[in-house]
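> only geometry, no sequence info:
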Ligand code: FES
């Protein structure tokens, strides 16, 4: 956050025009160009990297309709047990401040050609799905949205959602803190329709419930985004085949770089003078995605589809299970 714009070709300095209380612990932030200029376009599901004080960068999904070119609206849940980004943002960002943000990036796009779409939001995972609901509404595509929270006070954007709720497109599900009293996701997803796609985003337990319930849906019809890296079980850690250290070879130069147990591929490359852009450093955003030409990979990310994993890895979290990994750099 700053009060003075800092020009940078890759980022935008945007004015915080409005901060709104949206629900318990949730603020929305409306970011605009100081002179009212149109912002770079985005599509539903896109996120921004928000640059915080101290070099901290966090990703937040854009929640408003992509037809709106004059603003990005993000919503941030203050997470007392998180890594500190949401707390810092709540405490530091005020109306009238400038904030440095990346251009929008999208790893969670609506697939073209769907006949019907089911959107399921858990908690603050509602932000990308709200943008999707706007885009589907504008495109005249049949959809239904389910928004799961603890209670009405924890639900963000109630005013904006009112027309969707009144039309029957949106249903709220309040579980009082016990998921078994909330939406029955298994029932909801038991029979995928022809041309139907499902999108979901929310906390860990919710993501697992959706993944289990959609396990029988046809390939390519289930789409999701984690906003936090899922915790890995002891069994998953035990099944980890990645080597403690391995060699990365740069295909264009033949340079070989050792990656030790303590560092990521991205870190090792940076130390060897091969900079690689990173953002979330948690396998969530795709900024460090790179093609590999040889070698075996343990992926560890939350964004690459199975088809992409045969060709790409994320340098912030992927490890090698073969002694040499050749990167297309
Ligand atoms: S930096 Fe975000 S996936 Fe690697």
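Arrived safely. All of these numbers come straight from a predicted model, not from anything done at the bench.

> ok, residue 69 - contacts?
38-39, 41 (C-beta atoms under 8 Å, 6 or more residues apart in numbering). (Each C-beta comes from the backbone N, C-alpha and C, glycine too.)

> filter those down to the buried ones and hand me the ChimeraX line.
A single ChimeraX command selects the buried members of the contacts of residue 69 (16 or more other C-beta atoms under 10 Å):
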select :39
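
> inside strands: which ones of the contacts of residue 69?
Judged by DSSP state E, the subset of the contacts of residue 69 located in strands is empty.

> what would the contacts of residue 69 look like in TSV with distance to the ligand?
What follows is the contacts of residue 69, written out as TSV (distance: C-beta to the nearest ligand atom, whole Å):
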residue	distance to the ligand
38	27
39	22
41	22
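
> now the contacts of residue 69 in JSON lines, with distance to residue 270 and pLDDT?
Below are those laid out as JSON lines (distance: C-beta to C-beta, whole Å; pLDDT from 0 to 100):
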{"residue": "38", "distance to residue 270": "35", "pLDDT": "97"}
{"residue": "39", "distance to residue 270": "30", "pLDDT": "97"}
{"residue": "41", "distance to residue 270": "31", "pLDDT": "97"}
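
> and the lengthiest helix in the chain, how far out from the chain's middle?
Under DSSP state H, the helix in the chain containing the largest number of residues is helix 126-139. Relative to its chain's centre, helix 126-139 lies at 15 Å (C-alpha atoms, centre = their mean, to the nearest Å).

> next, the buried residues of it.
126-137.

> show me what it is packed against.
strand 57-61, strand 72-77, strand 116-122, strand 142-149, helix 158-166, strand 196-202 (3 or more C-beta pairs under 8 Å, 6 or more residues apart in numbering; DSSP states H and E).

> that helix vs strand 142-149, what angle?
Interaxial angle, helix 126-139 versus strand 142-149 (axes from the mean of the first three to the mean of the last three C-alpha atoms, to 10 degrees): 160 degrees.

> what lies in contact with helix 126-139?
43-47, 60-67, 74-75, 108, 110, 117, 119-121, 142-143, 145, 147, 156-157, 160-161, 164, 169-170, 199-201, 225.

> please consider this matter closed, and thank you.
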